[in-house]
Every structure is written in C-alpha cells, then in structure tokens.
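>>> Okay, predicted coordinates and the sequence, questions at the end:
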Amino acid sequence: MTATGTPENAESPDESPEPGPSAPDVRSKGLDRRGLAIGLVLLLACGSLVGYGVLNSEEKEGKNESRSAPTAEVTYEVLGEGTADISYLGTGGSDKADVVKSAQLPWKKTVNVPAGEPPIVNVTLGEKGGQASCTLAIRGNHVQRSTASGQFGRATCSAELPEALEGAQ
C-alpha cells in the first residue's frame, strides 16, 4: 500500500489499458459503416434525380417538336450595288437576329418565320455610302419597301404576319 491508501499495483486514473491487437474498436467501425451507408443512399438519390431530369427533358423536347408553331414563308431582298450590313428575323424568332456583315448586293433570303413574330430586315450602308433598298414579301405577296442612301444610310422593312395562318406550313 502507498501513503494514499491505494494498493501499489493499482493503476492510476491517468493510465488506461492499451487495447491489444485482438481488441477491435467497435464504435469507430460502426460509425464508418453508417457513414458509408448514408453516403451511398445520398449518391443513389442524386443519381436518380439527375436521371429523371435527363429523361424528363427529352420527353419535353419531343413534345415541342411534334407540335411546332405555324410559320409563314418570308422573303427578304436587298437591291443595290456594293455591300451592306443586313440583319433579319430568321427561323429562330425574335430572340436573336441573323446578321450578314458586308453582304454583296443584290442579296435575297427566304425563311419560315414563326406565327406571332413580326418579320423584319434592316440594311445599313457602309462608309462609302451609296443606295440600297429592302423589300419584304410574305408568302410571295409584296408588303413593304424602304430605301437607304448616303454614308451609313439605313432602311428597315417590317410587317405583321396574318393572325390566322391559313395553310400554315
């Protein structure tokens, strides 16, 4: 016995027995397995959502293609000599104009414009100036003409598509 009244061979509270190689740490393996299981479940859930989104978007795209909006054939024409910058409403709708830089005149383009989108063509002459005119025809019927002249001259031709596109393409 020691002076404090504890046996000499007793372990002090600071000293803990070291686990031997045959004593597995059960708590850490249980946490690792739970963490791994949770990670796998989250991974499967995310994969499922991504797969659903891809498959669902393909279905929507297919539906949009089968029910396309009616269109009207529009012919833009720019007459004159030399070159001009031309922008026009193409088949994509009003969200983006198609642009032709330094187009050699005369120039002509026929596109199918979606119903509800007003066809428009803009002509801008260059620094050399000159004269150019734009024309716009819907389904072969002439609807407007405008003329640009002089240095950086501009002309715009636009129209409204008929409300009901009979015989729409």
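Okay, I see it.

>>> list the contacts for residue 119?
Residue 119 is in contact with 72, 74, 76, 88-89, 113, 136, 138, 158-159, 161, counting by Cβ atoms under 8 Å, 6 or more residues apart in numbering. To be clear about C-beta, it is placed using only N, CA and C from the backbone, and glycine gets the same treatment.

>>> switch to 10 Å and redo it
72-76, 88-90, 94, 111, 113, 136-138, 143-144, 157-161 (Cβ atoms under 10 Å, 6 or more residues apart in numbering).

>>> and what of residue 80?
105-107, 123, 125, 130-134, 147-149, 155.

>>> just the buried members of the contacts of residue 119?
Buried subset of those (neighbour count, 16 or more other Cβ atoms under 10 Å): 72, 74-76, 88-90, 111, 113, 136-138, 143-144, 157, 159, 161.

>>> Return the subset of those lying in strands.
72, 74-76, 88-89, 111, 113, 136-138, 143-144, 157 (DSSP state E).

>>> hmm, back to that, and the contacts of residue 80, which two are furthest apart?
107 and 149 (17.0 Å; Cβ to Cβ).
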